[in-house]
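Novice: For reference, the sequence and a predicted model appear below.
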Amino acid sequence: RKPDKVYFPDESLKLYFSGETSVGFISTIYEESLYNVFRDIGVAKDIRVMKKTSDQRGNIRIGDCHGWHQRGLNGFDPDIKVEGLKNALNQPSSEKSVFIWNNIAIPNSECIRGTVEKASKSTYENSTKEQIVSDFGRLLLESSWLPGPDGELHKPADLLLEDLPETFRRDEKLADILEMKKDT
């Protein structure tokens with residue numbers, strides 16, 4: 001079967017996508033001088049994260065038509081998609097967890113949960129606000145993917161930030177968003 005997506009050879013990406021049959025990698029037999037050609041035809045170097053760009057106020061436009069306006073506040077894009085994340089979390093390992101935490105969850109933490117503002121007018125007067133969790137966030141919150149001191153994989157809410165191995169960057173903001181336990 002021909003893969004749907006092709007990536008440059010990278011050990012961390014191979015680990016992340018292990019078990020994913022729709023992904024392939026360029027063979028290492030090719031010289032680096034050909035990599036520009038591969039890039040031009042769509043070969044990716046990194047995991048594709050599909051999220052909208054925020055406006056000058058830091059908001060994400062979700063919907064904008066006559067009588068119906070929606071935006072995610074403070075960079076929250078409830079529709080973010082991270083290629084391969086569901087598969088990676090369904091087949092977790094400590095090594096994948098470090099990669100996901102450091103390279104996906106931290107840089108995209110604002111899209112885990114946030115506020116969506118809705119209004120009938122584009123000025124957002126008389127708007128309503130709703131706190132929601134994105135599908136991306138739900139995957140991270142509800143999957144057992146973080147290694148604990150016992151060597152087993154746990155949901156974030158079952159662990160303290162200090163329980164994670166040293167290879168995990170310490171990020172209090174992400175720990176709070178994932179509702180990790182607090183040390184009292």
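Specialist: Cool, the structure landed. Numbers count the residues shown, from 1 in each chain.
Novice: any idea how far Phe136 is from Asp163?
Specialist: 23 Å (CB to CB, to the nearest Å). Backbone N, C-alpha and C define where each C-beta goes, glycine included.
Novice: Among the two, which residue is more densely surrounded?
Specialist: The neighbour comparison of Phe136 against Asp163 (other CB atoms under 10 Å) goes to Phe136, with 24 against 17.
Novice: who touches the more buried one in this structure?
Specialist: Contact analysis of Phe136 by CB atoms under 8 Å, 6 or more residues apart in numbering lists 80-82, 85, 108, 111-112.
Novice: among those residues, who's most crowded?
Specialist: Ranking these using other CB under 10 Å puts Cys111 first, with 26 neighbours.
Novice: Leaving out the residues flanking it, which one is nearest to that residue?
Specialist: Ile80 (4.2 Å; CB to CB, 6 or more residues apart in numbering).
Novice: before we move on, what about Lys182?
Specialist: Nearest residue to Lys182, sequence neighbours excluded (CB to CB, 6+ apart): Leu160, at 7.4 Å.
Novice: Just to check, the one you found is in contact with Lys181?
Specialist: Yes - at 4.8 Å, Leu160 and Lys181 qualify as touching, with contact defined as CB atoms under 8 Å.
Novice: sorry, back to before: please identify which pair of the contacts of Phe136 lies farthest apart.
Specialist: Maximum pairwise distance among the contacts of Phe136 (CB to CB): 13.5 Å, between Lys81 and Ile112.
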